[in-house]
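Peer 1: Quick one: sequence plus predicted model below, questions after.
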There are 2 protein chains.
Amino acid sequence: MSGLTVRHPHPSDHAALQGALTDWWGGMGGEAGAQQRRLLVPRLFLQHFAGTSLLVEEPEPAGTRGGAALRAFLIGFLSQTDPDTAYIHFVGVHPEAQRGGLGSALYQRFFDLVREHGRSRVRSITSPVNRNSIAYHTRMGFRIEAGDRTEDGVEVHTDYDGPGLDRVSFVREL
Amino acid sequence: MSGLTVRHPHPSDHAALQGALTDWWGGMGGEAGAQQRRLLVPRLFLQHFAGTSLLVEEPEPAGTRGGAALRAFLIGFLSQTDPDTAYIHFVGVHPEAQRGGLGSALYQRFFDLVREHGRSRVRSITSPVNRNSIAYHTRMGFRIEAGDRTEDGVEVHTDYDGPGLDRVSFVREL
């Protein structure tokens, strides 16, 4: 992450995050997809799970007043039901910053962080249409959990998050 | 809550909850409103915040196989950033069960529950169009926090949860 800074979020970072959720997914799912992503990350995650969430920024260039630019984020929390588990809710990397190891570094930071809290397992989900996310989780050592059907060889949970909201479920031991 | 049972949720209760989010708000906001409510309560809340969430059910009538019927629910968690604060994310009461004190009893259970976890403050938000929710929180002892504008005399935070997602913010000391 050379030249970049990593920090925990504040609630006031929510607007920048919402902008990322609108712009970084290359229009995946159209306006409905963008709206769905924005609704999945209400401000509460920045207010109440800041210590297990991370923002990566490019510092403001000297002499300018543009402010730091968001390059990647991870929103995660510690399960309050299962004391062994941490959960990654949403991860984004700016399209121009992808394939440079930024995502992996962010996951590693999260793994280290939650290990310090005694967690031995990380869970996450994604949408079956998000093939990049599925491939990425597999590379990061996540296992795909059995679902109720397969789609292009991937186990899928139909209506996991509600009608029409199918999900792929991942788990990784730390 | 006579004749009703109260318990913590399981992930398998998600479908019943999604049905309630679709049906109980009298079509508030149309299909977009129902979709918005469903997206705000992904399965993760039942998986990882079960101990601070509650379901109220009418037991299955003897001799039938209809299963218990959901009458009310509360989804809440302990803030992991502020050790004094608990957060109520979503509450619903079946329209036929409203005005019978069920909602108040549920809030009281939550207050007692989070007090046991050392919490001294509860936060919550609602949509400015949900006048019933605003009146209800006020009756339950919540204070409305200052926003950036007022709407019909109520302080509102514009775009609090994203573009077009204005919110009223509540806080209650325990």
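Peer 2: Alright, I've got the coordinates.
Peer 1: The residue nearest to A:Gln80 when sequence neighbours are not counted - how many residues pack around it?
Peer 2: Using CB to CB, 6 or more residues apart in numbering or on different chains and skipping the chain neighbours, the partner closest in space to A:Gln80 is B:Phe49 (5.3 Å). Quick note: C-beta positions are derived from backbone N, CA and C, even for glycine. Neighbourhood size, B:Phe49 [other CB atoms under 10 Å in any protein chain shown]: 21.
Peer 1: I'd assumed B:Gln80 was in contact with B:Phe49.
Peer 2: No: the pair B:Phe49 / B:Gln80 is not scored as a contact, 10.7 Å apart, by CB atoms under 8 Å.
Peer 1: hey, what's in contact with both of those two?
Peer 2: Counting by CB atoms under 8 Å, 6 or more residues apart in numbering or on different chains, B:Phe49 and B:Gln80 have no contacts in common.
Peer 1: Who are the contact partners of A:Ile144?
Peer 2: Listed by CB under 8 Å, 6+ apart, the contact set of A:Ile144 reads A:Ile134, A:His137, A:Thr138, A:Val154, A:Glu155, A:Val168, A:Ser169, A:Phe170.
Peer 1: What segments of chain A are helices?
Peer 2: Along chain A, counting by DSSP state H, helices occupy A:14-23, A:30-40, A:44-48, A:102-116, A:131-139.
Peer 1: Lowest average pLDDT across those helices?
Peer 2: Comparing mean pLDDT over the helices of chain A, the weakest stretch is helix A:30-40, at a mean of 88.
Peer 1: Name the residues that touch it?
Peer 2: Under the criterion CB under 8 Å, 6+ apart, residues A:18, A:21-22, A:25, A:27, A:29, A:89-90, B:36, B:39-40, B:42, B:161-163, B:165 lie in contact with helix A:30-40.
Peer 1: Verify the stated contact: A:Thr85 with A:His117.
Peer 2: No: with contact defined as CB under 8 Å, A:Thr85 does not reach A:His117; the gap is 10.6 Å.
Peer 1: who's more crowded, those two?
Peer 2: A:Thr85 (19 against 12).
Peer 1: how close does the more buried one get to chain B?
Peer 2: The span separating A:Thr85 from chain B equals 7 Å under the rule CB to the nearest CB, to the nearest Å.
Peer 1: Report the beta-bridge partner residues of that residue.
Peer 2: In this entry, A:Thr85 is beta-bridged to A:Arg121, by DSSP bridges.
Peer 1: Pull out the buried residues from the contacts of A:Ile144.
Peer 2: Buried members of the contacts of A:Ile144, scored by 16 or more other CB atoms under 10 Å in any protein chain shown, are A:Ile134, A:His137, A:Val154, A:Val168, A:Ser169, A:Phe170.
Peer 1: hang on, A:Ser169 packs against A:Asp161?
Peer 2: No: contact between A:Ser169 and A:Asp161 fails when scored by CB under 8 Å: they sit 10.7 Å apart.
Peer 1: Need the residues touching each of these two.
Peer 2: Residues touching both A:Ser169 and A:Asp161 (CB under 8 Å, 6+ apart): A:Ile125.
Peer 1: can you list the residues of chain A near chain B?
Peer 2: Residues of chain A lying close to chain B (CB under 8 Å from any CB of the partner chain) are A:14-15, A:18, A:36, A:38-40, A:42-44, A:47-52, A:77-82, A:85, A:87, A:89, A:125, A:159-163, A:165.
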